[in-house]
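> Let me see the structure of the following:
(one chain, ligands or ions: 1)
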Amino acid sequence: MSVQELVVRRGRRSGVTTMVAVHSSTLGPAVGGCRFKVYPRVHDAIDDVLRLSAAMTRKCAVAGLDFGGGKSVVALDGVPSPEQRREILLDHADLIASLDGAYLVGPDVGTGPADMLVLRERTPHVFCLPEEHGGTGSSSGPTAVGVLAALRAGARAVFGDDGMKGRKVVISGYGSVGAHLAANLVEQGAEVVVSDVDERRLAAAREQGLALVQPEKVPGIEADVLIPAAVGGVFGPGTEVAAPLVVGPANNQLTDDTVAEALAARGVLWIPDFVASAGGVVYTLGREKESLTHAEALNRVEALEKTTQGILDAASANGTTPLAEADALAEARLTSGAGPRTPSPREPRTVA
Ligand SMILES: NC(=O)c1ccc[n+]([C@@H]2O[C@H](COP(=O)([O-])OP(=O)(O)OC[C@H]3O[C@@H](n4cnc5c(N)ncnc54)[C@H](O)[C@@H]3O)[C@@H](O)[C@H]2O)c1
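Model prediction:
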């Protein structure tokens, strides 16, 4: 996999290996999140940072952002104490600082706005600081708004209308984005079923009166919509997916790109994750780098509905998959520099 720059360094304070991949700077400085996770081997972390940074390039290009794709990973070999965590983050911040603005970091799996504040001690190239420190805080709400926008376009293609009343929706991963989605969909009158591996998250779902399903039963469960909101790599060549529409925020949902064709051949409309999950980065960068208001930035997130619609229309007209069309859109923008700039704002439907 081609990558512009990969820097891997063992932290001088913590001894923990952290890394940054700048996949592309064609459209601007690379942006991405910091993944803080236990990996069996450093090589697994390198594979992850490379794949995730490539997905960020596609995500930014399709969403019309003037930023490139990057990612950073802290490759843990066990769960650190709070003191160790701080040392690891400071080491990681030094690595990011050494790239001199070529990579801007935000939160990802395992990190949040409070961790961004620690990184900020050593480098200015950080976004999503806590709101009380001038940042926009967690991007989960805007990410959910973007998923719902993509879902509307997908629902029109599959069901002929985008109303969710009475539709059965399965959400895999009742984390921060999953919980936003569940609340919104319940409000719209959908029958929501959730799945998680964390007992505390299941208890939170029960408290909201949500039905539960075991994670291993998720792909095969009869439903109208499946929302992957947990981890990547959940759909392989042989995965039987019962829902006719799949759209969700989890990054890199397919084990490889050919799975998109396998899903399409089985009559499943899969909306590329890098399209559906762009709401967080669109909102955050709009607010923090372009000084947009909350409403203006949310309007840009809502515009993902139109972007998704265009991708689905093209796939239907050309007899291709949404992945092929989303890739073509990203490629066109990366090669010409001119892309689908987000249309002018309209009033937001949802407030995160
Ligand atoms: N938060 C954002 O703004 C954002 C933006 C873009 C993409 N994403 C992606 O969306 C996904 C969800 O993000 P989040 O911020 O809600 O993360 P999160 O960590 O808050 O939630 C993920 C949830 O998935 C659960 N989970 C893990 N493995 C599971 C499995 N096998 N089956 C069911 N549940 C499982 C976890 O216990 C957790 O509750 C992640 O893949 C993330 O990378 C998030």
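
> Can you report how many residues lie near the closest residue to the ligand within the chain?
As assessed by CB to the nearest ligand atom, the ligand sits closest to Gly175 within the chain, at 1.7 Å. Backbone N, C-alpha and C define where each C-beta goes, glycine included. Gly175 has 19 neighbouring residues, counting by other CB atoms under 10 Å.

> what's the distance between Val8 and Thr17?
Noted for Val8: a distance of 6 Å to Thr17, by CB to CB, to the nearest Å.

> any shared contact partners between these two?
Val42 (CB atoms under 8 Å, 6 or more residues apart in numbering).

> More neighbours: these two, which one.
It is Thr17, of Val8 and Thr17, that has more neighbours when counted by other CB under 10 Å, with 21 against 16.

> I figured the more buried one hits Ala75, correct?
Yes. Under the criterion of CB atoms under 8 Å, Thr17 makes contact with Ala75 at 4.7 Å.

> Show the backbone phi and psi for the spatially most central residue of the chain.
Centroid-nearest residue in the chain: Ser277, 4.0 Å away (criterion: CA atoms, centre = their mean). Main-chain dihedrals, Ser277, degrees, to the nearest 10: phi -100, psi 10.

> hey, where'd the helices end up in the stretch 201-350 of the chain?
Applying DSSP state H, counting those that start in this stretch to the stretch 201-350 of the chain gives helices spanning 259-265, 273-276, 279-290, 294-302, 304-318, 322-336.

> got a markdown table for those, with mean neighbour count, distance to Ala204 and mean pLDDT too?
Converted to a markdown table, the helices of the stretch 201-350 of the chain look like this (neighbours: other CB atoms under 10 Å; distance: least, CB to CB, whole Å; pLDDT from 0 to 100):
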| stretch | mean neighbour count | distance to Ala204 | mean pLDDT |
| --- | --- | --- | --- |
| helix 259-265 | 18 | 30 | 97 |
| helix 273-276 | 28 | 23 | 98 |
| helix 279-290 | 24 | 21 | 96 |
| helix 294-302 | 22 | 25 | 97 |
| helix 304-318 | 19 | 27 | 97 |
| helix 322-336 | 20 | 32 | 96 |
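
> show me where the stretch 51-200 of the chain has strands.
68-76, 103-107, 168-172, 191-195 (DSSP state E, counting those that start in this stretch).

> now these as TSV including mean pLDDT?
Below are these laid out as TSV (pLDDT from 0 to 100):
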stretch	mean pLDDT
strand 68-76	98
strand 103-107	97
strand 168-172	98
strand 191-195	98
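
> Ser2: how many residues sit nearby?
Look at Ser2: counted by other CB under 10 Å, it has 7 neighbours.

> got it, and Gly232?
Gly232, neighbours per other CB under 10 Å, totals 18.

> Repeat that for Asp257.
Asp257: 12 surrounding residues under other CB under 10 Å.

> dump the residue contacts of it.
Each residue near Asp257 by CB under 8 Å, 6+ apart is listed here: Leu323.

> Please tell me I have it right and Arg300 contacts Tyr283.
Yes. Using CB under 8 Å, Arg300 makes contact with Tyr283 at a distance of 7.1 Å.

> circling back: quick check: the gap between the residue nearest to the centre of the chain and Leu329.
Counting by CB to CB, the separation of Ser277 from Leu329 is 15 Å.

> what do you get for Val118?
In terms of CB to CB, Val118 sits 36 Å off from Leu329.

> Ala205 now?
35 Å.

> which parts of this protein sit against the ligand?
Proximity of the chain to the ligand, by CB under 6 Å from any ligand atom, involves residues 108-109, 139-140, 143, 172-178, 195-198, 201, 215, 229-231, 249-251, 277, 280.

> ok, now which ones touch the nearest residue to Ser139 once chain neighbours are set aside?
Nearest-residue entry for Ser139: Gly280, 3.1 Å, with adjacent residues in sequence omitted and distances by CB to CB, 6 or more residues apart in numbering. With contact set as CB under 8 Å, 6+ apart, Gly280 has these partners: Ser139, Ser140, Pro142, Thr143, Gly146.

> Looks like the second one contacts Ala183 (just checking).
No. Here Ser140 does not reach Ala183: they are 11.6 Å apart, not a contact under CB under 8 Å.

> Output the strands of the stretch 51-200 of the chain as a markdown table; include the columns mean neighbour count.
Formatted as a markdown table, the strands of the stretch 51-200 of the chain follow (neighbours: other CB atoms under 10 Å):
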| stretch | mean neighbour count |
| --- | --- |
| strand 68-76 | 28 |
| strand 103-107 | 27 |
| strand 168-172 | 24 |
| strand 191-195 | 23 |
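
> coming back round to it: now for the contacts of Gly280: which two are most distant?
Maximum pairwise distance among the contacts of Gly280 (CB to CB): 10.7 Å, between Ser140 and Gly146.

> Where does pLDDT dip in the stretch 1-150 of the chain?
The stretch 1-150 of the chain contains residues with pLDDT under 70 at 1.

> And for the nearest residue to the residue nearest to the centre of the chain once chain neighbours are set aside, the neighbour number?
Excluding its sequence neighbours, the residue lying closest to Ser277 (CB to CB, 6+ apart) is Pro249, at 4.1 Å. A count of nearby residues for Pro249, using other CB under 10 Å, gives 28.
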